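Trainee: need the 3D shape of this:
(one chain, ligands or ions: 1)
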Amino acid sequence: MDSTARRFEDNARTALDSPTLQAALAKLADGFPRRRREAAERLPEFEELRDAARAIKEHVLDHLDLYLETFERRVTENGGEVHWCRDAQEARETILDICRRVGARTVTKSKTMIGEEIAINDYLEENGIRPVETDLGEYIIQLRREPPSHIIAPAIHLSLGEVAETFRKSHTHLAPERALNEPDALLAEARAKLRPDFLTADVGITGANMLIAETGSNVLVTNEGNADLTHTLPRVHIVIASIEKIVPTLEDATTVLRVLARSATGQDVTVYTSFCSGPRRPGDPDGPDEYHVVLLDNGRARLLETEFRDILRCIRCGACLNHCPVYRAVGGHAYGWVYSGPMGAVLIPALLGTHEARHLPNASTLCGRCESVCPMRIPLPRMLRAWRERLHRERRTGWLARIGLAAWAFVAARPRLYRRLTAPLVRALGNLAGARRRFRVLPFLGGWTATRDFPAPEGETFMTLWAESDRGRTKP
Ligand code: SF4
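Mentor: A predicted model of the protein is given here:
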């Protein structure tokens, strides 16, 4: 997928001006966060589970090579094959080679963010193979040729009416006057349209919520059951997963599962949780003849030794997006690439480079809600600050910001000068503010005052008040 991350500011303005997007995002503000909170409250050991899940992933990152090799051994013993891919191009070519070898013409897919990351749909199409998304949200955005706007709810930016319009434009063989104003009608139509593709696809591609080293299995969680049809019906099952998806044991996988669904959708458990461990064995009633796991690095191993290592614990639950005030204002497309919200603002610069994603670490108020709800306790605000520091060092921030920060650093490091400058400034602003006690325009702060007032400082600075109270205390 082509990135528009460098146009974040324009993307965000467009998003803020879209009434339909704003209406869709308003629904998000109540739905997912409330359900997550209620699910967490129902489980007394939720916080302990978060600690346990975090410890599992930390342990894995310390021994990633060991667990990946164990996983490969188990997959091979089970009759499958692991393909190691350094980057997106290698992964695309590997998948295409498999599809070509088995003469695939139609490929069904269940939702995979790694599939988006390597833009596998476009690549297959360019090479004469028809990819069909089977997750309802992914199917809708595939028809609209749009990227996902949320990692667990890819079509969350659309209204019911927009989805109905998309179906009418795409499913031209159906009666134009049919009723499509209820979610159930849309669901039934998508199901009827997808059913023949499930039955005739030559290859099924899925992602993996986890890979289990102990058993060589991949774990898939869905609420629609589409992943199960995708991996059991075609002759070949290809799993695309990034290297950090590994967990050591089945027991560890169940610990992570217990925090995943609660953090993502507020469910105690997703409707379908599937474990696939290889091709069909003699006597199995169903399953594929071939099982391949495409293991993608794409820059992740490099992150292990950096201050951004913690993002490799991410299990893509989407909780940080759902609680982020910036994501909830501009939605996922503004971020310009596959990932969005706080986890995207940390991961995209790591995968695409700071030249492409220099705006994203600044797309945060650093309020800390993302870290407080993240099931893996990933310190997202700390990493966003680390990116900001790096952008500053690389001189990728604007000249005004650089001069402002240099001036601030100079003054802040000299307490006496700081007090001498801020006390009269605060007093002057307080006097100038007038009866409204706020400013509509201020020099150099046009970005702030364009959309909101700037509150006037009230009274004296803290340092002045402190000095006065100190004098009061030391009077004989
Ligand atoms: S960073 Fe945390 S909250 Fe955000 S998607 Fe990843 S695991 Fe979920």
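
Trainee: show me the contacts for whichever residue of the stretch 351-476 of the chain sits closest to the ligand.
Mentor: In the stretch 351-476 of the chain, no residue comes nearer to the ligand than Cys374, which is 3.3 Å away by Cβ to the nearest ligand atom. Any C-beta I mention is one placed from the backbone N, CA and C, and that applies to glycine too. Neighbour list for Cys374: 263, 319-320, 380 [criterion: Cβ atoms under 8 Å, 6 or more residues apart in numbering].

Trainee: so which of those also contact the ligand?
Mentor: 263, 319-320 (Cβ under 6 Å from any ligand atom).

Trainee: could you find the closest non-adjacent residue to Leu174?
Mentor: Glu189 (7.2 Å; Cβ to Cβ, 6 or more residues apart in numbering).

Trainee: give me the next element, helix or strand, following the helix or strand hosting that neighbour.
Mentor: Assigned by DSSP states H and E, Glu189 belongs to helix 183-200. Counting by DSSP H and E, the element after helix 183-200 in chain order, helix or strand, is strand 203-206.

Trainee: now the helices: where do they sit in the stretch 151-300 of the chain?
Mentor: Ranges of helices within the stretch 151-300 of the chain are 160-170, 183-200, 226-232, 250-264, 300-303, based on DSSP state H, counting those that start in this stretch.

Trainee: would you mark the buried spots in stretch 120-132?
Mentor: Buried residues in stretch 120-132, counted by 16 or more other Cβ atoms under 10 Å: 120-121, 123-124, 129, 131-132.

Trainee: farthest pair in the residues you listed?
Mentor: Spatial extent of the buried residues of stretch 120-132 (Cβ to Cβ) is set by the pair Tyr123 and Val132 at 14.8 Å.

Trainee: run through this protein and note the low-pLDDT ranges.
Mentor: 474-476 (pLDDT under 70).

Trainee: over to the closest residue to the ligand within the stretch 51-200 of the chain: give its phi and psi.
Mentor: For the stretch 51-200 of the chain and the ligand, the shortest gap (Cβ to the nearest ligand atom) falls at Ile151, measuring 6.4 Å. Dihedral angles of Ile151 (phi, psi; degrees, to the nearest 10) stand at phi -70, psi -20.

Trainee: how many neighbours does the closest residue to the ligand within the stretch 151-300 of the chain have?
Mentor: Closest contact between the stretch 151-300 of the chain and the ligand, by Cβ to the nearest ligand atom, is at Ser263 (6.0 Å). Counted with other Cβ atoms under 10 Å, residues neighbouring Ser263 total 26.

Trainee: going forward, begin numbering at 51 instead of 1
Mentor: Happy to do that; since the first residue is 51 now, the last one works out to Ser313.

Trainee: residues touching it, list them.
Mentor: Contacts of Ser313 (Cβ under 8 Å, 6+ apart): 86, 367-369, 423-425.

Trainee: same thing but 6 Å
Mentor: 86, 367, 369, 425 (Cβ atoms under 6 Å, 6 or more residues apart in numbering).

Trainee: Leu401 now?
Mentor: Leu401 touches Gly349, counting by Cβ under 6 Å, 6+ apart.

Trainee: which helix or strand contains it?
Mentor: In this structure, Leu401 sits in helix 391-402 according to DSSP H and E.

Trainee: that helix near the ligand anywhere?
Mentor: Yes. Judged by Cβ under 6 Å from any ligand atom, helix 391-402 and the ligand are in contact via Met393.

Trainee: which element follows that helix toward the C-terminus?
Mentor: Beyond helix 391-402 toward the C-terminal end (DSSP H and E), the next one is helix 404-407.

Trainee: alpha carbons only: can I get that next one in PDB?
Mentor: The C-alpha atoms that make up helix 404-407 are tabulated as PDB, following Å, rounded to 0.1, in the frame of the first residue of the first chain:
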ATOM      1  CA  THR A 404      11.200   9.300   9.600                       C
ATOM      2  CA  HIS A 405      11.400  11.000   6.200                       C
ATOM      3  CA  GLU A 406       8.000   9.500   5.400                       C
ATOM      4  CA  ALA A 407       6.400   9.600   8.800                       C
END
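
Trainee: any idea how far the spatially most central residue of the chain is from the ligand?
Mentor: With distances taken as Cα atoms, centre = their mean, Tyr389 lies nearest the centre of the chain, 4.3 Å away. The gap separating Tyr389 from the ligand is 9 Å, by Cβ to the nearest ligand atom, to the nearest Å.

Trainee: residue contacts, that residue?
Mentor: Tyr389 neighbours (Cβ under 6 Å, 6+ apart): 397-398.

Trainee: and it, which of the three is it?
Mentor: coil (DSSP: H, G, I helix; E, B strand; the rest coil).

Trainee: check which residues of the helix holding Glu239 are buried.
Mentor: 236, 239-240, 243-244, 247-248.

Trainee: chain center to that helix: distance?
Mentor: Once both centres are worked out by Cα atoms, centre = their mean, to the nearest Å, helix 233-250 turns out to sit 27 Å from its chain's centre.

Trainee: so what does that helix touch, helix or strand wise?
Mentor: Packing contacts for helix 233-250, counted by 3 or more Cβ pairs under 6 Å, 6 or more residues apart in numbering; DSSP states H and E, involve no helix or strand.

Trainee: ok, and what's touching that helix?
Mentor: 158, 182, 184, 186, 189, 213, 217, 229-230, 279, 283.

Trainee: repeat for stretch 285-295
Mentor: With Cβ under 6 Å, 6+ apart, stretch 285-295 has contacts from 145, 152, 162, 164-165, 253-258, 260-261, 268, 281, 338-347, 350, 362.

Trainee: show the buried residues in those.
Mentor: For the contacts of stretch 285-295, buried by 16+ other Cβ under 10 Å: 145, 162, 164-165, 253-258, 260-261, 268, 281, 338, 340-347, 350, 362.

Trainee: ok so, going back, got TSV for the helices of the stretch 201-350 of the chain, with distance to Gly484 too?
Mentor: As requested, the helices of the stretch 201-350 of the chain are exported to TSV (distance: least, Cβ to Cβ, whole Å):
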stretch	distance to Gly484
helix 210-220	46
helix 233-250	52
helix 276-282	61
helix 300-314	47
helix 350-353	51
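
Trainee: just so I know, which of those lies nearest Arg490?
Mentor: helix 210-220 (36.3 Å).

Trainee: now do the closest one against helix 233-250, angle only.
Mentor: 40 degrees (axes from the mean of the first three to the mean of the last three Cα atoms, to 10 degrees).

Trainee: what comes up buried for helix 210-220?
Mentor: 213-214, 216-218.

Trainee: what parts of the stretch 151-300 of the chain come near the ligand?
Mentor: So the stretch 151-300 of the chain never meets the ligand (Cβ under 6 Å from any ligand atom).

Trainee: what ranges do the strands span in the stretch 51-200 of the chain?
Mentor: 131-135, 156-159, 180-183 (DSSP state E, counting those that start in this stretch).

Trainee: show me what the last one is packed against.
Mentor: In this case it means strand 180-183. Right, strand 180-183 is packed against strand 156-159 by 3+ Cβ pairs under 6 Å, 6+ apart.

Trainee: same question for the first one.
Mentor: Where contact means 3+ Cβ pairs under 6 Å, 6+ apart, strand 131-135 is packed against helix 138-151, strand 340-346.

Trainee: and the top helix by length along the chain with the ligand, contact?
Mentor: Counting residues, the longest helix found in the chain (DSSP state H) is helix 69-92. No. For helix 69-92, no contact with the ligand is found by Cβ under 6 Å from any ligand atom; the gap never falls below 9.8 Å.
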